[in-house]
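Participant: sequence unknown, structure follows:
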Ligand SMILES: Nc1ncnc2c1ncn2[C@@H]1O[C@H](COP(=O)(O)OP(=O)(O)O)[C@@H](O)[C@H]1O
Ligand SMILES: [Mg+2]
Ligand SMILES: [Zn+2]
């Protein structure tokens, strides 16, 4: 039995925290300059370090060498409040989810009267503080406003707006944030090295993505992957890409390569075969489309930054970057962005769709068709489609005057605007909002999209 990674790696000092410098730096400054307040509110998403920071702050305040911004780690208080310690008598952690009533608040009030047993301060950490009832907060109000000199409060919550305003205004509020991918990636890389775990290329970026910016979630996922991994020839645990991608439910990069290559080459047979594999392997079509969008975004980055792409797309292996550079060139920036728009629209459409598979296949058809239109290649459906748009645009009745921006005088009859007068939304027939082509959604000739539609940005003169 091993303890969870996120417990073994719980930071014990502010310097060990990642991605929360907006909180840790001012707190450390306050500690150094002896300007610590009497009540704090730590808010932010789950698993980002609120409880951890509350414990660190308590450790800093009660360290025998303190108050200090870096606990000594050796005194009784530091040891007791450290990772392996059993907790200190003078630091009371209260789970407000189960102690949220007036009685609990009164109980707390009574405990606050007594001086600390050994250390400098009596520190109350109220975790999940949003669970405290209105009456509970009211019973605490006086104490939080003017506590005895030896008492400190730290409230931690994911929902600061639920903490009574009168309590909030008596605290210093520090918002925690999700940790950005770059910092997280670096952190898990170091952690794997410390643990002596080998990880195949491409795994850690997936873990970071799946963790969604929460260090705890990220470490939990990594823990799970490590637990399910075999040892390699050198007796190191090796986290394998295939397993990671399957467990985390992402699309294998080879499959993405296949689809993107097929799109680039306008290879309909290849594209549909790849999509069929998505469905046959039981993968969620929506997840696949999400991954496809992410890949297109990466390709746009590669196209825009060239050799500098690795600085933006951290953790992507070199061979993958080379492949993406080839794909980006084959696509061209304009088509990449148009394709991404189609994918965004499809993703939108897939929410709650009865047949996501059908939506996915329609998307493939649309991507191939639109590519044909823009390149002058002519897949079967393309000319009809384009003609239909143009006809519909031209036939439209003029729009009401108030819809025409001032820049477009009356001569610019909408739909067949005179060249040179390009007012937003009413330019040449092709430049009009052309309708996204989704059944029962935007129609050719609509002035505004009928849903969060990507097609409008696509249309240009
Ligand atoms: N900013 C961070 N830096 C490093 N590790 C973190 C950070 N935030 C969270 N963790 C990890 O996640 C675990 C849970 O963090 P915790 O402070 O309990 O989160 P919460 O914000 O939900 O109270 C910690 O034990 C630690 O391993
Ligand atoms: Mg917590
Ligand atoms: Zn100490």
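Facilitator: Right, received. Where do you want to start? Note that the structure is predicted; figures quoted are calculated from it, not measured. Ligands and ions are numbered 1, 2, ... in the order given.
Participant: Now the helix or strand hosting residue 275: buried residues?
Facilitator: Assessed by DSSP states H and E, residue 275 sits inside helix 268-280. Within helix 268-280, the residues that count as buried by 16 or more other C-beta atoms under 10 Å are 268, 271, 272, 274, 275, 278. Using the backbone N, CA and C atoms, a C-beta is placed for each residue, glycine as well.
Participant: What separation is there between the fifth one and ligand 1?
Facilitator: In this structure, residue 275 and ligand 1 are separated by 38 Å, where distance is defined by C-beta to the nearest ligand atom, to the nearest Å.
Participant: for that residue, what are its contacts?
Facilitator: 259, 288, 360, 361, 364 (C-beta atoms under 8 Å, 6 or more residues apart in numbering).
Participant: Also residue 206?
Facilitator: Here residue 206 is in contact with 244, 245, 248, 250 (criterion: C-beta under 8 Å, 6+ apart).
Participant: Just the ones of those residues in helices?
Facilitator: Among the contacts of residue 206, the members found in helices (DSSP state H) are 244, 245, 248.
Participant: Break down the stretch 1-150 of the chain into its strands, ranges please.
Facilitator: With strands called from DSSP state E, counting those that start in this stretch, the stretch 1-150 of the chain shows them at 39-43, 91-95, 122-127.
Participant: now those as a markdown table including mean neighbour count and distance to ligand 1?
Facilitator: Output for these, formatted as a markdown table (neighbours: other C-beta atoms under 10 Å; distance: least, C-beta to the nearest ligand atom, whole Å):
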| stretch | mean neighbour count | distance to ligand 1 |
| --- | --- | --- |
| strand 39-43 | 23 | 8 |
| strand 91-95 | 18 | 11 |
| strand 122-127 | 24 | 7 |
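Participant: between those strands, which gets nearest to residue 344?
Facilitator: Closest approach to residue 344 among the strands of the stretch 1-150 of the chain is made by strand 39-43 (31.8 Å; C-beta to C-beta).
Participant: Tell me the one among the contacts of residue 275 nearest to residue 100.
Facilitator: Closest to residue 100, out of all of the contacts of residue 275 and judged by C-beta to C-beta, is residue 288, at 43.4 Å.
Participant: Got the confidence number for the closest one?
Facilitator: Here, the pLDDT recorded for residue 288 equals 93.
Participant: Next: residue 7.
Facilitator: 92.
Participant: hmm, back to that, so which two of the buried residues of helix 268-280 are the farthest from each other?
Facilitator: 268 and 278, at 15.8 Å, using C-beta to C-beta across these.
Participant: Residue 41 and residue 169 touch, don't they?
Facilitator: No. Contact criterion C-beta atoms under 8 Å: residue 41 and residue 169 do not qualify, at 9.9 Å.
Participant: wait, what's in contact with residue 156?
Facilitator: So residue 156 contacts 41, 42, 43, 50, 51, 54, 125, 126, 127, 128, 129 (C-beta under 8 Å, 6+ apart).
Participant: Setting the sequence-adjacent residues aside, check what's closest to it.
Facilitator: residue 50 (4.1 Å; C-beta to C-beta, 6 or more residues apart in numbering).
Participant: Look up how far ligand 3 lies from the one you found.
Facilitator: 22 Å (C-beta to the ion, to the nearest Å).
Participant: Was I right to think that residue contacts residue 176?
Facilitator: Yes. Between residue 50 and residue 176 there is a contact under C-beta under 8 Å: 5.6 Å.
Participant: So if I had to pick from those two, which one is more boxed in?
Facilitator: Using other C-beta atoms under 10 Å, the more surrounded residue of residue 50 and residue 176 is residue 50, with 28 against 24.
Participant: how close does that one sit to residue 190?
Facilitator: 22 Å (C-beta to C-beta, to the nearest Å).
Participant: where does the stretch 51-200 of the chain have low pLDDT?
Facilitator: Scanning the stretch 51-200 of the chain for pLDDT under 70 picks out nothing.
Participant: and it, which residues reach ligand 1?
Facilitator: By C-beta under 6 Å from any ligand atom, the residues of the stretch 51-200 of the chain that approach ligand 1 are 51, 52, 156.
Participant: so what's the residue nearest the centre of the chain up against?
Facilitator: The residue lying closest to the centre of the chain (C-alpha atoms, centre = their mean) is residue 212, at 4.5 Å. Applying C-beta under 8 Å, 6+ apart to residue 212 gives the contacts residue 178.
Participant: Then residue 198?
Facilitator: So residue 198 contacts 192, 232, 236, 237, 238, 239 (C-beta under 8 Å, 6+ apart).
Participant: Please produce TSV containing the residues you listed, extended by neighbour count.
Facilitator: Shown next, in TSV, are the contacts of residue 198 (neighbours: other C-beta atoms under 10 Å):
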residue	neighbour count
192	19
232	11
236	12
237	18
238	18
239	20
